[in-house]
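Enquirer: coords below, sequence missing:
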């Protein structure tokens, strides 16, 4: 890990870091423990969108986010016009709109996307797992 690299956590990594750290890879765990991991408002949006479903990863996303993300001082990246404008240039390797926006953010911000999702890792961006 380069000392200047920035790391963006995929939504599942963010959840596992709080609820099931044993599921994290050793590299992902080191990034999170280093305090250099950032998250995206896209992940909160994804959790809110999935709330209420039987398979929802988080029952009360806004409260969960406040307790585990905001209160811990984790940087949350907002969505900007350049992030959205990057979307059309992404290859059609993955259809999930939340993942595609995280990929676009990581690409534009020159961040390493921390994910175990093989479809996300197939994109021409820097990933870590």
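Expert: All right, it came through fine. Computed from a predicted structure; not experimentally measured.
Enquirer: my guess is residue 39 contacts residue 77, does it?
Expert: Yes: the criterion here is C-beta atoms under 8 Å, and residue 39 meets it with residue 77 at 7.0 Å. Bear in mind the C-beta positions are built from the backbone N, C-alpha and C, glycine included.
Enquirer: neighbour count winner among those two?
Expert: residue 39 (25 against 19; other C-beta atoms under 10 Å).
Enquirer: and that one, what are its bridge partners?
Expert: residue 76 (DSSP bridges).
Enquirer: re earlier: now list whatever residues contact both of residue 39 and residue 77.
Expert: Here residue 39 and residue 77 have residue 8 as joint contacts, going by C-beta atoms under 8 Å, 6 or more residues apart in numbering.
Enquirer: which residue ranges form the helices in this protein?
Expert: Along the chain, counting by DSSP state H, helices occupy 11-19, 26-34, 41-50, 61-68, 81-86, 97-109, 118-121.
Enquirer: surely residue 47 meets residue 69?
Expert: No: using C-beta under 8 Å, residue 47 is not in contact with residue 69; the gap is 10.3 Å.
Enquirer: who has more neighbours out of these two?
Expert: Ranked by neighbour count (other C-beta under 10 Å), residue 47 and residue 69 place residue 47 first, with 22 against 19.
Enquirer: next, the contact list for that one, please.
Expert: Contacts of residue 47 by C-beta under 8 Å, 6+ apart are 11, 56, 57, 58, 61, 64, 65.
Enquirer: residue contacts, residue 98?
Expert: 11, 42, 43, 45, 46, 49.
Enquirer: if anything else comes up later, I'll come back, but that's it for now.
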